[in-house]
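Peer 1: sequence plus the predicted model coming up.
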Amino acid sequence: MMKVIGIDVSKLHLDLALLDQDGKVLQEAHISNKASCLRKLLRSWIKGQCSGARMLVCLEPTGPYSFEAIKTMLAMGVPVWLAHPADIKNSLGMTRGKSDQVDARRIAQYALRFGDKARFLDETFLHLQELKDLLAARDQFVRERAKYRMQQGDQLKAMQGRAKACFKRCSDNMIAALTRSIAYVEKQVEAFLTSDPQLSLKRDLAMSVTGIGPVLSGELLVVTRGFTRFTDPRQLVCYAGLAPYDYSSGTSIRGRTGVSEKANQYLKSLFHMAALNAVKVPGDLQTYYQRKLAQGKAPMTALNAVRAKIVHHLWAVLESGIPYTRFKHPLQMP
């Protein structure tokens, strides 16, 4: 017997819907988004409606708002599935109306229907949340520094005298402060990885691949949950939006082959920068890129092939445990 719980998460509240294996709504609840409230409710359901049944809890990722709920459920030993919002939305078809309680019910219905595809969270998810927060803080500081630098360059041209000197001094101070903050966060990232030898080893292996640096390797650790989320490199290639797809139908539709927009855009941008750097360095990736261009491929198509090849190189070193610089037979792609 199976019982499914769907949770719609907001900043202040949690809306829950409990369904049986036939999709019948057994109970619904609206509680504060606090660990104590969720723990109390789940304990009452486990002793009552869910007694002796297998349980599955499904919710959408909502950043910091869902972290405490996930942490609480994992501590209670409750199976938790963090489903992609787009998958839930696409499974519903045409819908009318929307509320937090209705959303909780729809999430539960999705989990009941596609429970065989569930990927359960574990303590690795909680552990990597700290790294995720550190990387997010670094990215925010980097963006702020870039903004100040751009504003400084644009506005100083239109200023004169004391106003110009004052603005330059103040903006220089802001840029210097942000630079120190970035350096401090990077030290904390390094300290986090040093405290976990397994993650540190995987990060070092990843960074041995041409084009992969500290930022991309850290982001990969987070999104792949320590390289345990995907079972083969093609899954990561697809997730990062690096896999080309045909766009054709019958004899009348002949669109250009391209990558999907339904991907992790930030990770895709990091792989793009990695490929740009890799093709500038003499070596197999530069040779591979030039060969694609010689075959008549467009520069962006050739560059996307390099991005995908970096993923395959990454997978090869992770599976072998040998850094890329010493890897004798890197996985080849056509």
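Peer 2: Perfect, I can see it now.
Peer 1: residue 145 versus residue 168, what's the distance?
Peer 2: Distance of residue 168 to residue 145, computed by C-beta to C-beta, to the nearest Å: 15 Å. Using the backbone N, CA and C atoms, a C-beta is placed for each residue, glycine as well.
Peer 1: repeat that for residue 86.
Peer 2: 32 Å.
Peer 1: okay, the two: which has more neighbours?
Peer 2: residue 145 (18 against 10; other C-beta atoms under 10 Å).
Peer 1: just checking, next helix/strand downstream of the helix or strand where that one lies?
Peer 2: Secondary structure from DSSP states H and E places residue 145 in helix 123-155. Sequence-wise, the next helix or strand downstream of helix 123-155 (DSSP H and E) is helix 161-194.
Peer 1: next, the buried residues of that following helix.
Peer 2: Judged by neighbour count using 16 or more other C-beta atoms under 10 Å, the buried positions of helix 161-194 are 171, 174, 175, 178, 181, 182, 185, 186, 189, 192, 193.
Peer 1: checking the nearest residue to residue 78 once chain neighbours are set aside next. Helix, strand or coil?
Peer 2: Spatially, and ignoring its direct neighbours in sequence, residue 78 is nearest to residue 57 (5.6 Å; C-beta to C-beta, 6 or more residues apart in numbering). Of the three states, residue 57 takes strand under DSSP: H, G, I helix; E, B strand; the rest coil.
Peer 1: and residue 57, how far is that from residue 7?
Peer 2: Counting by C-beta to C-beta - residue 57 and residue 7 are separated by 6 Å.
Peer 1: so residue 325 is in contact with residue 209, correct?
Peer 2: No. Residue 325 is beyond contact range of residue 209, at 9.1 Å (criterion: C-beta atoms under 8 Å).
Peer 1: the two - which one has more neighbours?
Peer 2: When residue 325 and residue 209 are compared on other C-beta under 10 Å, the one with more neighbours turns out to be residue 209, at 28 against 10.
Peer 1: so the more buried one belongs to a helix, correct?
Peer 2: No. Counting by three-state DSSP, residue 209 is not found in a helix; it is coil.
Peer 1: give me phi/psi at it?
Peer 2: phi -80, psi 130 (degrees, to the nearest 10).
Peer 1: point out where this protein drops to low pLDDT.
Peer 2: For the chain, the stretches flagged by pLDDT under 70 are 94, 96-97, 244-262, 326-334.
Peer 1: what segments of it are strands?
Peer 2: For the chain, the strands defined by DSSP state E occupy 2-9, 13-20, 25-32, 54-59, 80-82, 244-249, 253-259.
Peer 1: from the contact counts, what lies against the second one?
Peer 2: For strand 13-20, the contact count by 3 or more C-beta pairs under 8 Å, 6 or more residues apart in numbering; DSSP states H and E identifies strand 2-9, strand 25-32, helix 35-47, helix 100-113 as packing neighbours.
Peer 1: tell me the strands beside that strand, with direction?
Peer 2: Paired neighbours of strand 13-20 in the sheet (DSSP bridges): strand 2-9 (antiparallel), strand 25-32 (antiparallel).
Peer 1: please point out which parts of stretch 271-281 sit buried.
Peer 2: Buried residues in stretch 271-281, defined by neighbour count with 16+ other C-beta under 10 Å: 271, 272, 274, 275, 278, 279.
Peer 1: could you do stretch 46-61 as well?
Peer 2: 46, 50, 55, 56, 57, 58, 59, 60.
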